[in-house]
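Engineer: need a 3D model of the following:
(one chain, ligands or ions: 1)
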Amino acid sequence: MSPSTLTTSTGQPVDNNQTSLTAGPDGPLLLADTHFIDKITHFDRERIPERVVHAKGAGAHGVFECTRDMSDLTRAGFLGSVGKRTPIFTRFSTVGGESGSADTARDPRGFAVRWYTEEGNYDCVGNNTPVFFIRDPLKFPDFIHTQKRNPQTHLKDADMFWDFISLVPESLHQVTILFSDRGTPDGYRHMHGYGSHTFKLVDDKGRFKYFKWHFRTNQGVKNLTAQGANQLAGENPDYATQDLFNAIDRQDFPSWTCYMQIMDEAQAAKCRWNIFDVTKVWPQKEYPLIEVGKMTLDRNPDNYFAEVEQVAFSPANLVPGIDASYDRMLQGRLFSYPDTHRHRLGPNFNQIPINVPRNHLPANHQRDGLMAVRGNGGSAPNYEPSSFGGPVQTNELGVTYSIQAVTGTVGRHTYPLTDDDFVQPGNLYRLLSDEQKQHLIANIVGHLKDAKKFIQERQVGHFKRADPEYGSRVAAGLKAAAANM
Ligand code: HEM
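Structural biologist: Purely as a prediction, here's the structure:
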């Protein structure tokens with residue numbers, strides 16, 4: 001059989017791929033048409049569940065080059081020597097829309113980076129914003145429901161959106177970013193990325209310092225106006241996907257310079273902000289950006305489904321030398337991502353090529369399950385301890401966790417209600433230029449006007465608390481919009 005022969009999925013040659021087998025020229029189809037059945041049943045199963053959030057996205061391969069030796073602070077090898085190069089895969093996405101939705105929707109953008117390190121996969125699953133809407137993972141499903149469709153009308157719903165936001169004022173910082181022009185970036189190449197949470201750099205004694213990731217675009221920040229974004233949503237809903245693919249295809253490789261903000265435990269104890277609260281930033285004047293590397297995207301995926309759709313990023317993918325902090329949101333995410341991957345891709349999602357670590361095959365005693373397609377451990381022992389060989393633990397300190405004391409009583413400890421949630425959004429508002437302020441107000445009014453009056457009033461109260469001018473301008477805009485309705 002020639003290598004160009006069309007075959008069924010079990011390798012038999014296909015004699016005719018154009019005409020089904022029928023009983024006579026005008027008769028019904030035959031169950032004996034095994035090629036038809038093979039083809040159509042596979043087609044019937046082509047779709048897998050889309051990501052419950054961040055369903056629309058684009059990805060690319062690349063390389064991370066370490067530009068600063070961080071080995072005094074972390075035992076992570078990919079940060080251990082200047083010039084060290086590590087392969088990466090990234091995926092950028094919108095959050096709330098379905099997999100066919102417009103790339104230019106007002107939404108945070110996902111900014112997920114995977115390093116295929118010599119000690120396993122390390123993922124930073126961040127956004128293009130340094131903060132988030134909520135700070136407790138128990139709120140996440142409710143929050144996301146308000147960003148999706150109304151359960152009855154199946155429409156996006158301004159009441160749901162603003163009702164939740166106005167009842168959860170810790171969201172104000174992220175809402176201010178979202179409704180600024182940063183809420184509609186001009187494609188994926190022209191935006192910064194952030195790990196958002198506080199993480200830990202851990203040395204080989206298990207000692208740690210806190211850090212945050214910043215990825216600053218070398219293409220320059222470019223945003224779309226609301227009008228430009230809306231127009232593109234109609235004319236080219238895949239604008240950002242196309243822009244990324246075409247840039248890499250023409251060898252105009254996008255890159256980001258990678259920085260860290262670093263803080264020790266003593267500084268964290270004295271910090272004005274709770275460093276585990278992902279609705280807050282660390283002021284860069286006090287905690288400057290330290291350059292640690294550069295990431296460049298230089299290869300498009302060969303196959304979208306195999307690579308971009310099946311990649312399973314997870315904040316739980318940590319390597320020795322990097323640990324999660326006790327940020328509650330991050331702690332919740334450590335569980336949620338592998339859980340959703342088991343649902344979306346099956347229990348052996350880490351055997352899908354894009355997810356397989358490049359150091360060596362995972363060496364453990366997990367066996368069987370749906371789609372155990374990588375040899376399943378062959379004839380090696382499937383238990384440990386064992387007298388018959390097989391992989392064993394390293395006993396190295398700090399390999400999987402940092403050493404930190406925790407105290408206190410078990411409880412549902414809420415954050416104290418203070419003015420804290422209004423200070424950083426107010427500072428951000430005051431930093432904006434006149435034009436940026438004008439866009440922010442217009443973007444908020446354009447959306448909030450569709451919510452019920454009592455919701456509008458509650459939300460205006462929050463804007464006022466951040467900055468009286470901010471609130472008054474939104475209120476005036478809403479009044480003018482109501483007069484024109
Ligand atoms: C995707 C849960 C907060 C960034 C996802 C997915 C889930 C999820 C279930 C789908 C994953 C998949 O099917 O592959 C949560 C929960 C959160 C949370 C429970 C809070 C408790 C955040 C935050 C950020 C973030 C704070 C950014 C700082 C992302 C990104 C993706 C994603 C970038 C897409 C990853 C990809 O490209 O495949 N999230 N998320 N999420 N999330 Fe979150």
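
Engineer: so what's Val373 up against?
Structural biologist: Counting by CB atoms under 8 Å, 6 or more residues apart in numbering, Val373 touches 348, 351. Using the backbone N, CA and C atoms, a C-beta is placed for each residue, glycine as well.

Engineer: got the buried residues for the one helix or strand Arg333 maps to?
Structural biologist: In the assignment (DSSP states H and E), Arg333 maps to helix 328-344. Buried residues in helix 328-344, counted by 16 or more other CB atoms under 10 Å: 328-330, 332-334, 336-338, 340-341, 344.

Engineer: which other helices and strands contact that helix?
Structural biologist: helix 140-147, strand 322-324 (3 or more CB pairs under 8 Å, 6 or more residues apart in numbering; DSSP states H and E).

Engineer: and for the helix or strand following it, what's in contact with it?
Structural biologist: Following helix 328-344 in sequence order, the next helix or strand is helix 420-431 (DSSP H and E). The contact list for helix 420-431, computed with CB under 8 Å, 6+ apart, reads 131, 169-170, 172-173, 175-177, 273-274, 279-281, 437, 440, 462, 465-467, 469-470.

Engineer: which SSE is immediately downstream of helix 420-431?
Structural biologist: Counting by DSSP H and E, what follows helix 420-431 is helix 434-448.

Engineer: quick check: mean pLDDT across that next one?
Structural biologist: Averaged across helix 434-448, the pLDDT comes to 98.

Engineer: residues of that helix that come out buried?
Structural biologist: 437, 439-445, 447-448.

Engineer: now swap in stretch 160-169 and tell me
Structural biologist: In stretch 160-169, counting by 16+ other CB under 10 Å, buried: 160-166, 168-169.

Engineer: give me the beta-bridge partners of the residue of the chain found nearest the ligand?
Structural biologist: When scored by CB to the nearest ligand atom, the chain has Gly110 as its residue closest to the ligand, at 2.8 Å. Following DSSP bridges, Gly110 is listed with bridge partners Ser93, Asn127.

Engineer: was I right about it contacting Thr90?
Structural biologist: No: with contact defined as CB atoms under 8 Å, Gly110 does not reach Thr90; the gap is 9.8 Å.

Engineer: comparing the two, which residue is more hemmed in?
Structural biologist: Applying other CB atoms under 10 Å to Gly110 and Thr90 shows that Thr90 carries more neighbours, namely 28 against 23.

Engineer: so the closest residue to the more buried one other than its chain neighbours, which of the three states?
Structural biologist: In this structure, Thr90 finds its nearest non-sequential neighbour in Val113, 5.1 Å apart by CB to CB, 6 or more residues apart in numbering. Under DSSP: H, G, I helix; E, B strand; the rest coil, Val113 falls in the strand class.

Engineer: counting neighbours, what do you get for Val113?
Structural biologist: 24.

Engineer: distance of it from Asn121?
Structural biologist: According to CB to CB, to the nearest Å, Val113 stands 11 Å off from Asn121.

Engineer: the helix holding Arg333: how far from the chain's middle?
Structural biologist: Remark: helix 328-344 is offset 12 Å from the chain centroid, using CA atoms, centre = their mean, to the nearest Å.

Engineer: could you give the average pLDDT over it?
Structural biologist: 98.

Engineer: ramachandran angles for Lys209?
Structural biologist: phi -130, psi 150 (degrees, to the nearest 10).

Engineer: need the per-residue pLDDT for it.
Structural biologist: 97.

Engineer: count of residues packed around it?
Structural biologist: With other CB under 10 Å as criterion, Lys209 counts 20.

Engineer: what residues are bridge-paired with it?
Structural biologist: Assigned bridge partners for Lys209, using DSSP bridges, are Leu201.

Engineer: can I get the buried residues of helix 434-448 in a markdown table with distance to the ligand?
Structural biologist: Below are those laid out as a markdown table (distance: CB to the nearest ligand atom, whole Å):
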| residue | distance to the ligand |
| --- | --- |
| Lys437 | 26 |
| His439 | 24 |
| Leu440 | 22 |
| Ile441 | 26 |
| Ala442 | 27 |
| Asn443 | 21 |
| Ile444 | 22 |
| Val445 | 27 |
| His447 | 22 |
| Leu448 | 23 |
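
Engineer: looking at it, Val460 is touching Leu478, isn't it?
Structural biologist: Yes: at 7.2 Å, Val460 counts as touching Leu478 under the criterion of CB under 8 Å.

Engineer: the stretch 301-450 of the chain against the ligand: which residues are in contact?
Structural biologist: Contacts of the stretch 301-450 of the chain with the ligand, taken as CB under 6 Å from any ligand atom, map to 311-313, 329, 332-333, 336-337, 340, 344.

Engineer: and with 5 Å instead?
Structural biologist: Contact residues, the stretch 301-450 of the chain versus the ligand (CB under 5 Å from any ligand atom): 313, 329, 332-333, 336, 340, 344.

Engineer: which one of those is nearest Pro391?
Structural biologist: Set against Pro391, the nearest of those by CB to CB is Phe313 (25.2 Å).

Engineer: neighbours around that closest one, how many?
Structural biologist: Phe313, neighbours per other CB under 10 Å, totals 24.

Engineer: pLDDT score assigned to it?
Structural biologist: pLDDT, Phe313: 98.

Engineer: would you check that it makes contact with Arg91?
Structural biologist: Yes: using CB under 8 Å, Phe313 makes contact with Arg91 at a distance of 6.7 Å.

Engineer: anything in contact with each of the two?
Structural biologist: Joint contacts of Phe313 and Arg91 (CB under 8 Å, 6+ apart) are Ala112.

Engineer: and the gap between Pro353 and Leu361?
Structural biologist: 12 Å.

Engineer: again, but for Ala58
Structural biologist: Counting by CB to CB, the gap from Ala58 to Leu361 is 29 Å.

Engineer: what about the contacts of helix 420-431, which are in helices?
Structural biologist: 172-173, 175-177, 437, 440, 462, 465-466, 469-470 (DSSP state H).

Engineer: closest one of the residues of the stretch 301-450 of the chain next to the ligand to Ser379?
Structural biologist: Arg344 (31.4 Å).

Engineer: residues in contact with that closest one?
Structural biologist: 48-49, 51, 312 are the contacts of Arg344 under CB under 8 Å, 6+ apart.

Engineer: now for the residues you listed: which two are most distant?
Structural biologist: So, those by CB to CB: farthest apart are Pro49 and Ala312, at 12.6 Å.

Engineer: neighbour count winner among those two?
Structural biologist: Using other CB under 10 Å as the criterion, Pro49 and Ala312 rank with Ala312 on top: 21 against 10.

Engineer: phi first, then psi, for the more buried one.
Structural biologist: Dihedral angles (degrees, to the nearest 10) for Ala312: phi -120, psi 80.

Engineer: cool, and Tyr122?
Structural biologist: According to degrees, to the nearest 10, Tyr122 has phi -120, psi 120.

Engineer: then Phe388?
Structural biologist: According to degrees, to the nearest 10, Phe388 has phi -120, psi 30.

Engineer: residues in contact with the closest residue to it other than its chain neighbours?
Structural biologist: Closest residue to Phe388 apart from its sequence neighbours, by CB to CB, 6+ apart: Pro381 at 4.8 Å. When contacts are counted by CB under 8 Å, 6+ apart, Pro381 touches 365, 388-390.

Engineer: can you show me the strands along the stretch 101-250 of the chain?
Structural biologist: 110-117, 120-127, 193-194, 199-202, 208-217 (DSSP state E, counting those that start in this stretch).

Engineer: flag the shaky bits of the stretch 151-300 of the chain, pLDDT-wise.
Structural biologist: For the stretch 151-300 of the chain, no stretch has pLDDT under 70.
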